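# Here's a sequence, model it:
(one chain, ligands or ions: 3)
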Amino acid sequence: MTPDFETQLRAVSLRVTRPRLAVLSVLRDHPHVDTDTVIALVRADQPTVSHQAVYDVLRALTDAGLVRRIRPAGATARYESRVGDNHHHVVCRSCGAIADVDCAVGDAPCLTASDDHGFVVDEAEVVYWGTCPGCATERTSQQSAGSEGNR
Ligand SMILES: [Zn+2]
Ligand SMILES: [Zn+2]
Ligand SMILES: [Zn+2]
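Ligands and ions are numbered 1, 2, ... in the order given. Now for the predicted structure:
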């Protein structure tokens, strides 16, 4: 049914299990979700999978490099299955919505630090902060409602 997930798991020597397939498919359909959301979505489909099992799967997949964990400052950890391209994220200060942002130039230029001090760099954490379109619209409509003076 999901041969690409099975191939991915086998490629990193992980056994193919239903919870692992479920987590990978949840992350494909819902990028940048936190642990609780992953648990809820997996259990909506497979109620017998325990919370702990989902935690374990997330850790195993992250360790194996199939899943990337991102942690914007002050936010809970989010997970996504788009890995290996060092893409960045834009985060809404208001509601926490997250979207992908490709590296500004070329392939993954942020991995080429101007001076790496001898470190082997494998990730550049670049987070753009701002206000998402939904929150921006809400703010504008609240302001106009306020100026009309309704109580
Ligand atoms: Zn927002
Ligand atoms: Zn992403
Ligand atoms: Zn970049």
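# tell me the contacts of the residue nearest to the spatial centre of the chain?
Closest residue to the average C-alpha location of the chain: residue 32 at 2.6 Å, with C-alpha atoms, centre = their mean. The neighbours of residue 32, taking C-beta atoms under 8 Å, 6 or more residues apart in numbering as the test, are 70, 78-80, 89, 98-99. Glycine gets a C-beta too; all of them are placed from N, C-alpha and C.
# How about residue 55?
Taking C-beta under 8 Å, 6+ apart as the criterion, residue 55 is in contact with residue 35.
# so where does it fall, helix or strand?
Taking DSSP states H and E as the definition, one finds residue 55 inside helix 51-64.
# Name the next helix or strand following that helix along the chain.
strand 68-70.
# So the closest residue to residue 15 other than its chain neighbours: helix, strand or coil?
What sits nearest to residue 15 in space, not counting adjacent residues and going by C-beta to C-beta, 6 or more residues apart in numbering, is residue 9, at 7.1 Å. Here residue 9 is recorded as helix under DSSP: H, G, I helix; E, B strand; the rest coil.
# before we move on, back to that, any idea of the mean pLDDT for the helix holding residue 55?
When pLDDT is averaged along helix 51-64, the result is 97.
# Is residue 75 in a helix, a strand, or coil?
Using three-state DSSP, the three-state assignment for residue 75 comes out as coil.
# Tell me how far it lies from residue 116.
As defined by C-beta to C-beta, to the nearest Å, residue 75 lies at a distance of 27 Å from residue 116.
# Counting neighbours, go ahead and name the busier of these two.
Neighbour tally, residue 75 and residue 116, criterion other C-beta atoms under 10 Å: the higher count belongs to residue 75, 13 against 10.
# hmm, the worst-scoring helix or strand of the chain on mean pLDDT touching ligand 1?
Within the chain, judged by mean pLDDT, DSSP states H and E, the helix or strand with the poorest mean is helix 133-147; its value is a mean of 81. Yes. In terms of C-beta under 5 Å from the ion, part of helix 133-147 sits within range of ligand 1, namely residue 135.
# And that helix, what's buried?
residue 135 (16 or more other C-beta atoms under 10 Å).
# Now the residue nearest to the centre of the chain: closest residue in space, sequence neighbours ignored.
Beyond its immediate neighbours in the sequence, the residue positioned closest to residue 32 (C-beta to C-beta, 6+ apart) is residue 98, lying 4.1 Å away.
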